[in-house]
Structures are given as structure tokens and as C-alpha cells.
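Undergrad: Any chance you can model this:
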Amino acid sequence: MTLIGMLHHRRDPATVIKSYAYAIVAKAEGADFVYFTPKGVNFVNKTIKGYVYENGSWNERITAFPDVIYNTGSPEKLEKSKDIIKRLRNFIPFTTYSIGNKWNVNERLKKGKEFSKYLIPSKIMKEWKDFYGVLNAFNEVVVKPIDGRKGQGIFFIRKTKSGFIVNKDFKDRTYTLQELEHFLQTLFKENAYIVQPYICSKTKTGLVFDLRLHVQKNGSGDWVITTIYPRIAPEGTIITNINNGGYTNYLEPFLNKEFGEEESYNIKRTLEHFSLGLARHLDELQMLEYQEVIDEIGIDAGLDKDNKLWIYEVNWRPGCPPAFYLEMDVVKNTIQYAMYLANNQQKIKKEIQQVKKKNMEKKKIPTIAITGSAGKTTTKSFISSILKTRMNIFESKDYWNTTEHTKKHADEIDSSHEAIVLEYGMAYPGVITEHCSIIQPNISVVTNIGMAHIGNFNGDITKVAQAKSELIHGMRQDGVLFINKDDENSKHLEIDRFKGKIITTGIKTPADYKAYDVSYGDNGMNFKMKLHNEEYSFFIPIYGEHHIYNAINAIAVADHLGFTPLEIKSGLLFKKPPRRLTIYNLNKSITLIDDTVHSHPQGVMAAIDVLKNIGSHRKIAIIGQMRELGELQTEQYKKVGQYLAKQKIDRVITYGYKTDTIGTEAIRAGIPAQHVRHFLDKEKLHEYLQGILKQHDTVLVKGASKTNMFDTVRYLSTTIGEIR
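TA: Numbering: from 1, shown residues only. The predicted structure is shown next:
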């Protein structure tokens, strides 16, 4: 006869309401049952000092080790006995294992991919700026504790023209921006929270509802649906949990009333199929990661206005509403499965091995390489940020783009990585070919073909394009290539013999992925795109139209890989590479723009565009030397000078060898000579700046790392003082 043990943190089973039900059902199913705590375990004798239910009462008994253990106590309170529990698992199978908190489950489902499209993009809140970026993108968000239970501690926050409305405990309160920041900063210090865009799931009368899908394993080890039921929130709140005043209904009458008989039938079938599919999927993920099986989950899901299904959260050991008299069904499934588990350990171990083998066979890793004269690092960062919403990825560090770096990456990539995102730099022919021989991509992005390193190619742009084309020749020939349709020089790329798929991006010309309605917004850029014939608005937290091209590349790659628009919007709120149009707000209302990593004519003109668009008063450009332009240097410097005048920049300051050509041409194009200065000595440049800067100035510092233009950024932010 099978002996089932119920492990709990409370010593007295009479204080645990469900212990009685489990003892009675176990007896009815032909099993023995013992209730015990970790303190009752004796490893020397392999015995348990616990309680059995006999003749209408709980009696203390010493039994042999159980054949199987139902672990039902509080994980937090059992944590102090984790060593005992770990040793027990070496001897005895457990029916149930924790699948983790809200964040862990989200991350696991992202990694598993199959159900990731149903997840609401979520971010852990560490700082105010993390939250504000999400709110800016979605306007309505939900903030919830990462380990929350029973709907406690959840806030609904909405951005309006007059302020920010926060709903909690049936009450709306309006905050200013400063008040909201203070409130949330205090909240984040107390606990770990996540933020999600709000998915509106409402009845015809305007009440918020969700659906609880309760699934378990039965006595054959198969997943079955215990129940599916709606939970409706009281008016004035989004919290549906019964402990917070929510109420329930039967599924079919609810669906018929809200959606009509024909549609409700389809929704019911979808929910049934979805709940069993997700349970099996999570079970497989548990097998893959921990070599364990799970037996019961509760899925909280919502339907948006288009009846699209979304996962709110997945619960381990969910409760069941007593109003439905389903407690005994839950207990019966648990007891029958415990008996199955006790008698089929070899079968289960074999099943775990088969799942692992199947996973290895189907694993296909997207390996993405980005090259181009400009935008490589930002494009890589955008792509990585989106892919991270669902995948465990390997991403090359910013500016680690030499072949020596790629060799290091090859050693660091392992089987846990589900996607690889790399930046392939080059200064001479043959370099990208070597990159591809070390790690061959199956997805490639060529951002553009420009003047960077053109001096190494005898000033011939077609030779630069030829060197960049090494990525096309070196990638998998059945892969996918993304190219910039707007870039004139990209027409020189050697695509004729490429046998894979070519996808185009752009803003100004027709392309497979095209952005439009581009505008400068609050701390970044706004634009629109159509994905699968539907229009979406996007925001990136970095200035400059040239960065929209980088974002389009990322959107195109992510869409090709099956990421949802919500995941893409969330991922575009990326961590910006340092010193790439970084904005510093200084004292005296001075705005400082730091763009001091790379410098070539296209990049300089793009940075001037940003200066023009965000500067509301006097605009000052400090331009450093551009290297590796070769014989084209004078010509390109003149073009930059002309562009400064065209964009009506108020002051032009140049630094470095021959950069005075920029200033001379700017004067010729119309900027007054007294507003143009040239320096070879950085200290004198800094002294000059100290004397001319005025309130409300906007200052651009543009230059390559090798010219150390960041020294000027540091000087200004230190001497004038940064507002924090």
C-alpha cells in the first residue's frame, strides 16, 4: 500500500484545514496518509514522527519514510528546513515543486518561446527611469510586487494631460510627476516590483475580469482541467482576487452573456486547449531546467478588446473557490497523482530524458551579425534589448567588434544561449570574412555604407561596400539579410549571388519595413510603422532620425523572429550605449549633448540635426577631428561646414589638426566669422567655453574616442555642474 506524506510547516494538522480532506480521500483511494513537519524526520532510522487520521481524530504515530511526499507548506516558512527537505528529495519523490515567482515564470516562458507571445512585457523596477520609460511608451501600466499574493500591493497607473492617476484599494489619486516619482521610489525601496503595460479586459458593463484556469495531473500522470472560471472585480478597481472583494461566476453563462453563444463556444475551446498546452509546456521546461515534474498550476489570463488571450500570471498550488464545491476534485487528483508518482519513477525519469533529447534536436539558434559604417552598436543594442524580453541571449559588449573579440565570444557562447547578437567591425578588406569564419551568422544586418575608414580604401566607396559585402558572402546562404533601402551607397552591396531572403528597411523610399510620421518627443523619437497591415506607434529613448534607422532594423529582425509588437515596444526602451547622444542637464539651464565615441561625416551631420532640433535657444557645436578619411578629408570637412551653416548653428568651435577647414567653410556659407573658433590646445578651448557659455545654451560635443573629446564633456559637466 502506498504511503503518502503531507509535508507542512505547521506542527498541528488540525490547524491546516485541507489536511482532513487529503487524509480522507487518500483512505478512499486505498493509500495510507501521514502528516508531518521537517522536525519529525529521522534520517538514521528512515522514519517519520507525524500524525495519522484515525477514528475521527489526529493521532501521533511513527511511520516509515513515505513513498511520495505532497509538499504543501509555506515555502518561506519551510526555508529554514531546506537542508532536511533537500535530503528527503534524495530518497523520496515529491509531487509538487515551486515554479518560481511572477518574474521567474515570465523568464522561463520567454526562454521556452512556445507561449511567450501570450506574455505581457514586464520589467523589474530598479529605478524611477525604468518605470517612466514604460509609462511613456504605454500610458497605462500595472505595478505589482514580484512575490505578491491574493491581489495585494497592485497599482494601476494612468498618464493623463493633467497628471498621473494611481488606483489602489478602490481609490484614485492624482499625482504630479514629482509626487509620483517620490511615491514610487519609496515603494521600490520596500520591495521588488515589476511593471507591465495594462491589458484592458472588461465586461460589457465596464467591470474588469480575468479567467482562472486550474489544471492538474491525474492518476495516469496526464494533465486534466479541474476548472475554468471568470473572476470579476468590484467597480472602481482592477483587482479580481476574491480576497479583495472580487466574485466568481460559472464559465459558460458568463461567456454566453459577454460574447454570444457562437463566440463563447470558440473561446471556451481555446481556453481548454490553452490551459492544457501551457501546463504541458511548463512541465517540460521544469524537466529541462531542474529534472523535476510539476503537478498543478493556476493560470490567470485576460482577453483584450480583440479577444486576444494574455497571461497575467501563473500560480503554483492555486486555491480553488469553495463556492464551486471543487475542493474534493482538487484533492482527488492530487492523491491519485501521488500514487502514480510513487509507482512510476523509472517511467518519469525516462520521460525527462526524452524531453531533453527532443529539445536539443529542435534547437535552432538565431545568430545575428551587424555591420555598417554607422549605427552598428546602437542597432545591436536595440536588437538585443528586444530579444531579451523573451530569450536568454549572448550579446557582444559595446564596441567589442574586432576579430579578436569574436574569437573570445566563440569561447563564451554556450548551450544556454537562445540567440546570439554580434557586432562585426572592419577597417580593411578580409576582416569580416575572418569574423564569419569564427562565428557564421544566419541573420545579417548592413546598416549603411559611409565614409568611416574610407581612407583605407583609396577613397573609393565601392570598395568599402565590397568589404562590407563579405558579411553577405560569409553568412549562411539560406539565411536572412537586412539592408537599408534609403542608403544610396548600399546599392553597391554584392547581393546578386545571395540565395537567402533579403528584407529592406527605410524611411524615405518604399521598403519591407518603413517608418513614417517621425518626430522629436520627450527624451527621444516617435515614429509609426505597419506590421502585418496594422499601424503601431513606437518610441525610442534616444534623439536623432539616424537612430530610427537602427530601430527599424531591430524591429524588422524581431518581427521576423516572431516577436509581438508589445514585446518590440518594450524592448526599444533599451539601455542606450554610453556617449551616444547622451543628454546632460547642467546648471543655468544649459543642455549638453555628448556624442564622443565615433566621428565620421554622416555621424557628425546626424548629431548636428539633433542639436538643431532640441536646442531652443543658442546652439553651439564643438567638432573634433575625423580620422581615416584620407584624400577625402578636405572635401568632407567642407561639407560639414556647409551643413552647420545650413542648419543655422549659432557658434562653431573646431578642435584638432586641419579641422579649421570646417570653420572656414562655415564662415563662407554664412556663419559670422566672430562666431567661429579653432583650437589645437584643449585647455584653451575649455577656457574659451567658460567665457562664452550662457543660460539656456545647447552644446554638442562631437568627436571620436581617439581624440578624447569626452574630456570636454567632463570639463563642462564638472565646472558648470550637472543637475541630478
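Undergrad: So which elements touch the helix or strand hosting Met605?
TA: Following DSSP states H and E, one finds Met605 within helix 601-614. Contacts defined by 3 or more CB pairs under 8 Å, 6 or more residues apart in numbering; DSSP states H and E place helix 601-614 against helix 545-560, strand 590-595, strand 619-624, helix 633-646, strand 698-702. The way it works is simple: take the backbone N, C-alpha and C, and place the C-beta from them, glycine included.
Undergrad: I'd like to know which of those lies nearest to Leu581.
TA: Between Leu581 and these, the tightest spacing by CB to CB is seen for strand 590-595, at 5.0 Å.
Undergrad: Need the CA coordinates for the closest one. CSV is fine.
TA: Presented in CSV, the C-alpha positions along strand 590-595 are these (Å, rounded to 0.1, in the frame of the first residue of the first chain):
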residue,chain,number,x,y,z
ILE,A,590,22.4,74.5,-20.2
THR,A,591,21.9,71.3,-22.2
LEU,A,592,25.0,69.3,-23.1
ILE,A,593,24.9,66.6,-25.8
ASP,A,594,27.7,64.0,-25.6
ASP,A,595,28.4,62.1,-28.8
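Undergrad: what comes up buried for it?
TA: 590-595 (16 or more other CB atoms under 10 Å).
Undergrad: just stretch 154-167 next, same as before
TA: By 16+ other CB under 10 Å, the buried positions in stretch 154-167 come out as 154-159, 164-167.
Undergrad: Same check on stretch 407-414?
TA: Neighbour-count burial for stretch 407-414 [16+ other CB under 10 Å]: His409.
Undergrad: one step back: out of the helices and strands packed on helix 601-614, which gets nearest to Lys305?
TA: Once those are compared by CB to CB, helix 545-560 is nearest, at 22.2 Å.
Undergrad: re earlier: got CSV for the helices and strands packed on helix 601-614, with mean pLDDT and distance to Thr203 too?
TA: Output for the helices and strands packed on helix 601-614, formatted as CSV (pLDDT from 0 to 100; distance: least, CB to CB, whole Å):
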stretch, mean pLDDT, distance to Thr203
helix 545-560, 95, 33
strand 590-595, 89, 48
strand 619-624, 92, 54
helix 633-646, 89, 58
strand 698-702, 92, 51
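Undergrad: Against Val41, how distant is Asp83?
TA: 11 Å (CB to CB, to the nearest Å).
Undergrad: neighbour count winner among those two?
TA: Ranked by neighbour count (other CB atoms under 10 Å), Asp83 and Val41 place Val41 first, with 20 against 9.
Undergrad: list the buried ones in the longest helix along the chain?
TA: Scanning the chain for the helix with the most residues, using DSSP state H, yields helix 261-290. Across helix 261-290, burial judged by 16+ other CB under 10 Å covers 264, 267-268, 271, 274-276, 278-279, 281-288.
Undergrad: Let's test this: mean pLDDT of that helix, rounded?
TA: For helix 261-290, the mean per-residue pLDDT is 92.
Undergrad: what's the closest of the buried residues of strand 590-595 to Ser373?
TA: Each of the buried residues of strand 590-595 was scored against Ser373 by CB to CB, and Asp595 proved nearest at 15.8 Å.
Undergrad: pretty sure the closest one is touching Met605, no?
TA: No - Asp595 is beyond contact range of Met605, at 11.6 Å (criterion: CB atoms under 8 Å).
Undergrad: List the contacts of Ser201.
TA: Listed by CB atoms under 8 Å, 6 or more residues apart in numbering, the contact set of Ser201 reads 208-210, 302-304, 310.
Undergrad: Buried ones among these?
TA: Here, 16+ other CB under 10 Å leaves 208-210, 302-303, 310 buried among those.
Undergrad: Closest one to Lys638 out of the residues you listed, please.
TA: When these are ranked by distance to Lys638 (CB to CB), Trp310 comes first, at 55.8 Å.
Undergrad: quick revisit: in the buried ones among the contacts of Ser201, which has the lowest confidence score?
TA: Lowest pLDDT among the buried ones among the contacts of Ser201: Val208, 88.
Undergrad: got the contact list for the residue lying closest to that one once chain neighbours are set aside?
TA: Nearest residue to Val208, sequence neighbours excluded (CB to CB, 6 or more residues apart in numbering): Ala233, at 4.2 Å. With contacts defined as CB under 8 Å, 6+ apart, Ala233 is in contact with 207-209, 239-240, 245-246.
Undergrad: Could you give the backbone dihedrals for Ala233?
TA: Recorded main-chain torsions at Ala233 are phi -80, psi 150, according to degrees, to the nearest 10.
Undergrad: Need the pLDDT of it.
TA: For Ala233, the predicted pLDDT is 85.
Undergrad: and it, how far is that from Asp169?
TA: 12 Å.
Undergrad: repeat for Gln466
TA: 66 Å.
Undergrad: then stretch 382-401 to PDB, C-alphas only?
TA: As requested, C-alpha coordinates have been extracted for stretch 382-401 and formatted as PDB (Å, rounded to 0.1, in the frame of the first residue of the first chain):
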ATOM      1  CA  PHE A 382      18.100  47.600 -29.900                       C
ATOM      2  CA  ILE A 383      18.000  44.000 -31.200                       C
ATOM      3  CA  SER A 384      19.500  42.600 -28.000                       C
ATOM      4  CA  SER A 385      17.100  44.600 -25.800                       C
ATOM      5  CA  ILE A 386      14.000  43.300 -27.700                       C
ATOM      6  CA  LEU A 387      15.200  39.700 -27.800                       C
ATOM      7  CA  LYS A 388      15.900  39.800 -24.100                       C
ATOM      8  CA  THR A 389      12.100  40.300 -23.500                       C
ATOM      9  CA  ARG A 390      11.800  36.600 -24.300                       C
ATOM     10  CA  MET A 391      15.200  35.000 -24.700                       C
ATOM     11  CA  ASN A 392      18.400  34.300 -22.900                       C
ATOM     12  CA  ILE A 393      20.900  35.900 -25.400                       C
ATOM     13  CA  PHE A 394      24.600  36.300 -25.900                       C
ATOM     14  CA  GLU A 395      25.400  39.900 -26.700                       C
ATOM     15  CA  SER A 396      28.800  41.300 -27.600                       C
ATOM     16  CA  LYS A 397      29.900  44.200 -25.400                       C
ATOM     17  CA  ASP A 398      29.600  47.700 -26.800                       C
ATOM     18  CA  TYR A 399      32.400  48.300 -29.300                       C
ATOM     19  CA  TRP A 400      33.800  44.800 -29.000                       C
ATOM     20  CA  ASN A 401      33.800  44.300 -32.700                       C
END
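Undergrad: And it, what's buried?
TA: 382-391, 393-396, 398-401.
Undergrad: Tell me which of those residues fall in strands.
TA: Applying DSSP state E to those, the entries found in strands are 393-395.
Undergrad: In JSON lines: those residues, plus distance to Leu581.
TA: Listed next are these as JSON lines, based on distance: CB to CB, whole Å:
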{"residue": "Ile393", "distance to Leu581": "24"}
{"residue": "Phe394", "distance to Leu581": "26"}
{"residue": "Glu395", "distance to Leu581": "21"}
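Undergrad: Lowest-scoring secondary structure element of this structure by mean pLDDT?
TA: helix 345-362 (a mean of 76; mean pLDDT, DSSP states H and E).
Undergrad: Can you name the next helix or strand after that helix?
TA: Next along from helix 345-362, by DSSP H and E: strand 367-371.
Undergrad: Quick one: mean pLDDT for that following strand?
TA: pLDDT averaged over strand 367-371 gives 95.
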